[in-house]
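[1] Give the three-dimensional model of this entry:
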Amino acid sequence: MSSELTTKYLDQYRQFLDEITDHISTTRIRMAKAANRETVSLYWWLGEQIVLKQNQYGWGQSVVEKLSHDLKSRFPGMKFGFSPQNLWYMRQFYLEYKDKPILQQAVGEIPWGQNLLIISKVKDDAQRMYYLTQTKKQGWARDTLRDQITTQAYQRHVLAEKTHNFNTTLPKQLAQQAYESMKDVYMLDMLNIAEPVLETEIERRIVEKIKDVILELGQGFSFIGNQYRIVTPDSEVFIDLLFFNRRIQSLVAIEIKRSRFKPEYAGKMNFYLNLLDDFVKEPHENPSIGIILCGEHTKFDVEYALRGIQKPVGVAGYQLTRELPEKLKGVLPNPQELEQKILFELGVEKTHQKSDLTATV
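    Prediction:
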């Protein structure tokens, strides 16, 4: 066999292998999703049956302990799934959603552990739907979901009044999509920065932690580069961070400013967006969007700075840490000590109940 035929054969085989690999990977994902839906469906049914039988026969809490023991004997490979604690979770899971059909449809699309976290940490139905939907769309692991809930992603993403000029610079549908993709404040505590640092250091840390940063930015973001270079006939410019959002089909330029927002920041971003649209954007893509991350900003300053700007620009805040500053550690009590002191003053004895999800999730 000649080398030409050998090369052709190898190319054909590699293509064949790639097709099989893609198909197997896709099938495994479908199988995992189907298995998750069936697991959640089973747990829902078990929770429902426990509630119905307790109501029908007047059974108390002890039936859950006995049921757990007997099920683990009959299904020894599922000891955790049928633990007393997990059976209590199933019961509460059913009670939480039995009269809420829209939420019922969403819970089957995410893993059981994430469902328990949402039940325990989020009580408002609209917020629950947000975290259920985002967990499915973005594939949030439980730790990521916990961080998003703790940092109030719903409030920052949905409820906050965001400052931008999208409505006057973009078509209506695209303006709404751009608005939905933006947050009022971005949590960058994954950068592990507790003290004031230079903007270049924040940028460097973002690149190092780009996977975590993209999770915080939201659905559809892909990282293109930092200090993105554009050469003009007279000079060259460098954009702090450049992303592409697949959902809105737009380049997204991000500039980082430690200081309070200044009107000149809007003019500079407008300049960058003009360059991106003329020299970088592909013909089929939507207009480029700019986001200025500032240490502080006011609605009045932003609105007047963006008035007359022809390119879509949003201004948001960012928070670098949720940790207590070092100089205050040891001075203030930790949360557990504070809780104990408050309970002591109120004369309340702290108790734990098996059905309390927040104690273990």
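
[2] domain assignment for the chain?
    For the chain, automatic domain parsing gives the domain ranges 3-98, 156-319.

[3] May I see those domains organised as JSON lines, with mean pLDDT added?
    Formatted as JSON lines, the entries for the domains of the chain read as follows, by pLDDT from 0 to 100:
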{"stretch": "domain 3-98", "mean pLDDT": "87"}
{"stretch": "domain 156-319", "mean pLDDT": "80"}
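
[4] looking at those, which is buried most?
    Using mean count of other C-beta atoms under 10 Å, the stretch among the domains of the chain with the greatest mean number of neighbours is domain 156-319 (a mean of 17). C-beta here means a position set from N, CA and C on the backbone, and glycine is covered the same way.

[5] ok, which stretches of this structure are strands?
    Using DSSP state E, the strands found in the chain span residues 163-164, 185-187, 221-231, 236-245, 250-260, 289-296, 313-319.

[6] Turn those strands into CSV, columns for distance to Tyr9.
    As requested, those are arranged in CSV below (distance: least, C-beta to C-beta, whole Å):
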stretch, distance to Tyr9
strand 163-164, 56
strand 185-187, 51
strand 221-231, 35
strand 236-245, 37
strand 250-260, 42
strand 289-296, 48
strand 313-319, 53
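
[7] wait, which of the ones you listed is closest to Gly139?
    Closest approach to Gly139 among these is made by strand 221-231 (13.5 Å; C-beta to C-beta).

[8] give me the number of residues near Ile149?
    Applying other C-beta atoms under 10 Å, we find 19 other residues in the vicinity of Ile149.

[9] so how far is Trp112 from the residue nearest to it when sequence neighbours are not counted?
    Spatially, and ignoring its direct neighbours in sequence, Ile149 is nearest to Lys121 (4.9 Å; C-beta to C-beta, 6 or more residues apart in numbering). Summarising the geometry, the distance separating Lys121 from Trp112, computed by C-beta to C-beta, to the nearest Å, is 15 Å.

[10] Over to Glu303?
    Where Trp112 is concerned, Glu303 sits at a distance of 45 Å (C-beta to C-beta).

[11] go on, Glu180?
    Between Glu180 and Trp112 the distance is 28 Å, computed by C-beta to C-beta.

[12] before we move on, what about Thr7?
    Using C-beta to C-beta, one obtains 50 Å as the distance from Thr7 to Trp112.

[13] how long is stretch 273-286 from one end to the other?
    Across its full length, stretch 273-286 reaches 12 Å between end residues, using C-alpha to C-alpha, to the nearest Å.

[14] Can you name the residues in contact with that stretch?
    When contacts are defined by C-beta atoms under 8 Å, 6 or more residues apart in numbering, stretch 273-286 is touched by residues 170, 174, 230, 232, 237, 239, 242, 248-251, 253, 287-290, 311-313.

[15] go on, stretch 29-43?
    Stretch 29-43 is touched from outside by 86, 89-90, 93, 107-112, 115, with contacts defined as C-beta under 8 Å, 6+ apart.

[16] Isn't Lys268 up against Glu255?
    Yes - checked against C-beta atoms under 8 Å, the pair Lys268 and Glu255 is within contact range at 7.3 Å.

[17] What is the distance between the longest helix belonging to the chain and the centre of its chain?
    Selection of the longest helix in the chain by residue count, based on DSSP state H, yields helix 3-57. Average the C-alpha atoms of helix 3-57, do the same for its chain, and the two points are 23 Å apart (C-alpha atoms, centre = their mean, to the nearest Å).

[18] Number the residues from 8 up from this point.
    Okay, using 8 as the starting number, the last item reads as helix 10-64.
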